[in-house]
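> Just a sequence and a predicted model for now, questions to come.
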Amino acid sequence: MKTEHHTITITKKADISSVWLIPDEYNAVLIIAHGAGRDMNSVFVSQIHEGIAKHNILTVKFNFPYMEQGLRAPNTPHVLEETWQKVIDAVIERTGVSRKKIFLSGKSMGGRYATILTSKEDLYAGIILFGYPLHAPGKPDKPRFNQLKVIHEPMLFFQGTRDSLCQLNVFKPLLETLSPKPTLHIIEGGDHSFKLLKRIDRSEQSVFDEITQASAEWINQQS
């Protein structure tokens with residue numbers, strides 16, 4: 001497997017870093033976006049990035065411009081969407097794969113903007129959401145769900161039962177209204193970052209492994 005580092009130009013004032021793990025043979029590509037508070041080198045994104053690549057899936061992770069520049073506040077929605085688009089374009093240019101071989105994924109905010117992008121163009125193989133931010137903390141009555149209604153690609157959601165940004169009793173009925181029906185993979189005891197309560201006798205690595213294995217199997221089923 002090869003590791004490549006590529007700089008991608010987003011705007012005249014913003015370049016971003018990306019890391020590509022390229023197996024000797026692959027049939028699908030997964031692009032992973034980070035969440036609002038951690039960059040592409042977070043433990044979670046790095047574990048998923050490296051783990052899925054071992055299943056003969058080319059994986060790409062990248063930074064949004066604000067993280068690349070060391071800022072705390074995320075970029076405007078336009079820039080976040082534009083970043084996603086430029087990374088996808090770079091993948092197509094360098095690999096020659098079609099969009100129907102590309103899976104989009106992201107932790108929290110990064111995944112949400114993948115759904116916003118795909119709601120506007122039905123072009124990709126599927127979407128994986130690691131901790132979808134359905135609503136603000138304490139506001140389950142105001143779900144951010146409308147863009148999911150117009151997505152036709154297969155979707156896989158990983159959600160913790162203690163996620164303060166996605167109450168499952170609100171989320172599950174909403175998922176039932178979508179077509180095709182998404183796959184929901186629940187991490188028992190997990191919070192928004194899939195961290196478990198100390199009383200749960202389970203390692204953090206085992207959670208990463210479960211998410212990695214389920215993601216790779218799902219991708220291979222769709223490919």
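Received, thanks.

> what residues does stretch 69-81 touch?
10-11, 14, 36, 64-66, 83, 109, 113, 116-117 (CB atoms under 8 Å, 6 or more residues apart in numbering). Bear in mind the C-beta positions are built from the backbone N, C-alpha and C, glycine included.

> ugh, wrong one, stretch 170-182
Residues outside stretch 170-182 that contact it (CB under 8 Å, 6+ apart) are 132, 134-135, 140, 143, 145, 148-149, 151-152, 154-157, 159, 184.

> Can you list the buried residues in it?
For stretch 170-182, the neighbour count (16 or more other CB atoms under 10 Å) marks 171, 175, 182 as buried.

> quick one: contacts of the helix or strand hosting Ala216?
Using DSSP states H and E, the element containing Ala216 is helix 204-222. Helix 204-222 is contacted by residues 28, 30, 44, 47-48, 51-52, 55, 57, 103, 105, 125-126, 128, 130, 154, 156, 158, 183, 185, 187, 190, 194-196 when judged by CB under 8 Å, 6+ apart.

> how about the residue in the chain sticking out farthest from the centre, secondary structure?
In the chain, the greatest distance from the average C-alpha position (CA atoms, centre = their mean) is reached by Arg199, at 28.4 Å. Under DSSP: H, G, I helix; E, B strand; the rest coil, the three-state class of Arg199 is coil.

> got it, and Glu121?
Applying three-state DSSP: Glu121 is coil.

> Contact partners for it?
Contacts of Glu121 by CB under 8 Å, 6+ apart: none found.

> State the distance from it to His152.
According to CB to CB, to the nearest Å, Glu121 stands 10 Å off from His152.

> for Thr83, same thing?
Taking CB to CB, one finds Thr83 at 23 Å from His152.

> These two: which is more packed in?
Thr83 (26 against 13; other CB atoms under 10 Å).

> Could you pull up the contacting residues of the more buried one?
Thr83 sits next to 10, 16, 62, 64-65, 75 when contact means CB under 8 Å, 6+ apart.

> I'd like the contacts of stretch 69-81 written out as JSON lines, with distance to Gln167 and pLDDT added.
Formatted as JSON lines, the contacts of stretch 69-81 follow (distance: CB to CB, whole Å; pLDDT from 0 to 100):
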{"residue": "Ile10", "distance to Gln167": "34", "pLDDT": "96"}
{"residue": "Thr11", "distance to Gln167": "37", "pLDDT": "91"}
{"residue": "Ala14", "distance to Gln167": "35", "pLDDT": "94"}
{"residue": "Ala36", "distance to Gln167": "19", "pLDDT": "96"}
{"residue": "Phe64", "distance to Gln167": "27", "pLDDT": "98"}
{"residue": "Pro65", "distance to Gln167": "32", "pLDDT": "98"}
{"residue": "Tyr66", "distance to Gln167": "28", "pLDDT": "98"}
{"residue": "Thr83", "distance to Gln167": "29", "pLDDT": "98"}
{"residue": "Met109", "distance to Gln167": "18", "pLDDT": "97"}
{"residue": "Tyr113", "distance to Gln167": "21", "pLDDT": "97"}
{"residue": "Ile116", "distance to Gln167": "21", "pLDDT": "95"}
{"residue": "Leu117", "distance to Gln167": "25", "pLDDT": "94"}
